[in-house]
Structures are given as C-alpha cells and as structure tokens.
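[1] Need a 3D model of the sequence below.
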Amino acid sequence: SARLRRMRTLAQFIRQKESWDYGEGFIAAKTGRRTPAPFLTGMPLLPTDAFTDGGIDKSRIATVTEKCFRSAYTKTRFSAPLLLVKEIETLPIDFWEQGFLAYRDKIVGIHAPLADHKALKELFAFFRRNRSMLRFCCMLNGTQSLVGKATAVLKQDIDALPVPEDNKALHLSFWEGALKQDVVEYLVEYVRLGQNSALLANKACIGDTQRYSRIFVQMLGSVYDNLQADDPIFLDGLICQPFYFGKRPSPSWLSSAEKGAELRKLLCEENEHARLRTYRVLRFYLQNVLLLVKPDRLRYWIRSTAIRDADETLADLCEQGF
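    The predicted model follows:
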C-alpha cells in the first residue's frame with residue numbers, strides 16, 4: 001500500500017499535460033442557481049446506465065434535454081478524443097473518438113487535444129491492461145468503496161490511481177498478487193452480501209484447497225524447502241489439509257467418521273444461550289506432519305487466508321525451535 005502511494009497519480013500525470021480537460025460530467029438542476037449551456041442541450045448523451053463493464057452501449061446513446069445546469073463545465077470536456085471511466089468499483093472504461101458526447105457526473109472524462117491523441121490512447125491501454133490492479137487500488141485506498149456496502153468510488157479515488165513512469169512498478173510479488181485477486185474477486189461481494197456471499201455461503205472444493213496449499217507451501221518454502229502438501233481430507237463440515245516435511249506419511253486414520261466427530265468437538269464451541277458458534281483453526285504437529293483443520297467454508301481456504309496461516313505457522317515453528 002505504501003509503495004503504491006509513492007507512485008505518480010493520475011491527477012499528477014494529467015497536470016503535466018497542457019490543454020487536457022479532466023473531470024466529472026455535467027450536473028443538471030431544476031432549482032437553485034442554474035445556468036444555460038447551449039453546447040450541451042440537444043447534443044448526444046451517454047446515459048450512465050448505458051456504460052457498463054463491457055464499455056459504451058452505442059445503441060443507447062440519447063440526447064441532452066436539459067437546458068439549465070448547476071455544473072456544465074466546458075465544451076472540451078465532452079469532445080473527442082475522450083477516455084471515460086465510470087465511478088463504480090469495477091471501473092468500466094472506454095475510449096470515444098466519434099465527436100461530442102455528453103455524460104453525467106457519475107462518469108469521469110479525460111479529454112486531450114488531437115495532437116495528444118496517441119498519448120491519451122496509450123493511457124487508455126494502460127487502464128485496460130491494469131484494470132484489475134487499479135480496482136484493487138481503489139478498494140485499498142478508496143474513500144467510499146467497501147464502506148457501508150457501497151459499490152461506488154469517488155472522483156478523488158480515481159485521482160489517486162497510480163500511473164507510474166515505469167509500468168513495471170505495478171508488478172506484484174506472488175503473495176501480493178494473491179491478495180489483490182482475493183480482494184477483487186471476493187471482498188467486494190462479501191461487503192455487499194455478507195452471509196449470502198460466496199465466501200460464507202459456499203463450500204471449498206478441491207481446487208480451492210489446492211490453490212490454498214500452493215500459496216502456503218510457497219510462503220514457507222524459503223525457510224522449509226522440503227515442505228509439501230498432501231491431498232486434503234473432507235470430513236463432515238470440516239477440511240483437514242496435511243503438509244509434510246520430507247518423506248510422505250500415511251494420514252489415512254483421519255478419514256473415519258469417528259475422528260471427524262472428535263475434530264469437530266475440538267474445532268467448534270457453541271453457546272446455546274447466545275446462539276453463538278465459534279470456530280477454532282487447529283494446527284497439529286505430528287512427527288514430520290503438519291495438519292490444518294478448519295471449517296469447509298470458502299473463506300477459510302482462499303489464498304489470502306493461506307498467507308495469514310503461513311505467517312502464524314512460521315511463528316509457531318520458530319517458537320518450538322524448528
């Protein structure tokens with residue numbers, strides 16, 4: 001996060017450009033202080049809902065019917081070439097080259113003079129190539145996204161998006177990339193939907209545990225280069241993930257229903273009066289075997305959780321002298 005904040009921002013990049021116009025679209029009003037804007041009225045309009053993750057739906061281009069505006073800005077702000085970004089967490093983007101196009105205040109536009117058409121197109125390519133990373137930055141540093149189940153981002157969040165001089169500066173390590181992917185793929189939905197999100201509603205499958213195990217082994221691999229993952233064992237509502245140091249053991253004793261019931265008693269603590277159920281995450285160390293036993297909900301078996309579990313496991317092993 002600190003590394004990203006040190007990079008040149010989109011706002012700083014645009015300030016270096018002469019004659020570029022950057023900002024939100026117009027705001028119409030029926031009351032209060034209003035002014036006419038003949039350059040807007042009667043012109044082609046991009047409805048906000050016609051701008052989706054797939055880009056601009058040209059079949060839905062409408063016409064500006066309003067005559068008075070609280071904020072009309074300038075004609076150049078709506079003149080091609082335009083790079084357009086919608087203020088929602090998925091960051092829809094598109095490039096418009098077909099003349100004048102009005103848009104409202106939930107869309108941010110960047111206009112460049114014709115002489116800078118190539119530079120603006122390159123900025124669009126940067127946005128498209130790094131869209132997932134830029135979404136992550138909005139969620140990480142945003143003032144509104146992920147707050148109060150909001151899916152919107154603010155203009156100032158887009159201002160702060162990193163546009164480094166060297167594109168390689170956005171390269172992430174394997175664990176940073178895993179964190180980014182989990183935030184983008186799962187966290188937004190979790191904030192919005194809570195108990196109904198995939199993290200809490202879905203069970204982890206074999207593919208999830210394999211991705212979890214790869215990151216776990218990779219995190220600890222620099223210290224324990226003989227650590228390997230074995231096949232997970234799916235019990236009733238639980239998953240036991242074995243890891244071993246050196247020679248592969250035989251953990252078949254865990255597959256019995258009786259052992260599953262014993263593990264569940266250790267893992268789950270219920271308070272009938274408060275109707276509260278608390279789950280522990282168990283780590284067993286048996287000779288050269290490490291067993292992680294957790295509930296089978298997806299939230300326990302994503303890669304970002306593997307990073308945290310690996311960190312805690314390393315602390316455990318160091319404390320025991322390994």
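
[2] Does residue 85 touch residue 157 like I think?
    No. Residue 85 lies out of contact with residue 157 (Cβ atoms under 8 Å); the separation is 10.4 Å. All C-beta spots, glycine's among them, are computed from the backbone N, C-alpha and C.

[3] What distance do you get for residue 212 to residue 219?
    11 Å (Cβ to Cβ, to the nearest Å).

[4] Touching both of the two, which residues are there?
    Residues touching both residue 212 and residue 219 (Cβ atoms under 8 Å, 6 or more residues apart in numbering): residue 306.

[5] Have a look at the two and say which one is more surrounded.
    Remark: of residue 212 and residue 219, residue 212 carries more neighbours, 28 against 22, as counted by other Cβ atoms under 10 Å.

[6] Tell me which residues of the one helix or strand the more buried one maps to come out buried.
    Secondary structure from DSSP states H and E places residue 212 in helix 206-220. Buried residues in helix 206-220, counting neighbours by 16 or more other Cβ atoms under 10 Å, are found at 208-209, 211-213, 215-220.

[7] ok but residue 293 is inside a strand, no?
    Yes. The assignment for residue 293 is a strand, going by DSSP: H, G, I helix; E, B strand; the rest coil.

[8] I'd say it and residue 242 touch.
    No. Counting by Cβ under 8 Å, residue 242 is not a contact partner of residue 293; they are 9.8 Å apart.

[9] joint contacts of the two?
    Joint contacts of residue 293 and residue 242 (Cβ under 8 Å, 6+ apart) do not exist.

[10] The residue lying closest to residue 243 once chain neighbours are set aside: what secondary structure?
    Of all residues not flanking residue 243 in the chain, residue 290 sits nearest, at 4.4 Å (Cβ to Cβ, 6 or more residues apart in numbering). Under three-state DSSP, residue 290 falls in the strand class.

[11] I'd say residue 290 and residue 283 touch.
    Yes. Taking contacts as Cβ under 8 Å, residue 290 lies within contact range of residue 283: 6.7 Å.

[12] what about these two, which has more around it?
    A side-by-side neighbour count of residue 290 and residue 283, using other Cβ under 10 Å, places residue 290 first with 22 against 16.

[13] State the mean pLDDT of the helix or strand containing residue 189.
    Using DSSP H and E, residue 189 falls within helix 188-193. Per-residue pLDDT over helix 188-193 has a mean of 80.

[14] Whichever helix or strand comes after it - contacts with which helices or strands?
    Note on helix 188-193: by DSSP H and E, the next helix or strand toward the C-terminus is helix 198-201. Under the contact criterion of 3 or more Cβ pairs under 8 Å, 6 or more residues apart in numbering; DSSP states H and E, helix 198-201 touches helix 188-193.

[15] Buried residues, the helix it packs on. List them.
    188, 190-191.

[16] Among these, which one lies nearest to residue 316?
    Nearest to residue 316 among the buried residues of helix 188-193: residue 190, at 27.6 Å, using Cβ to Cβ.
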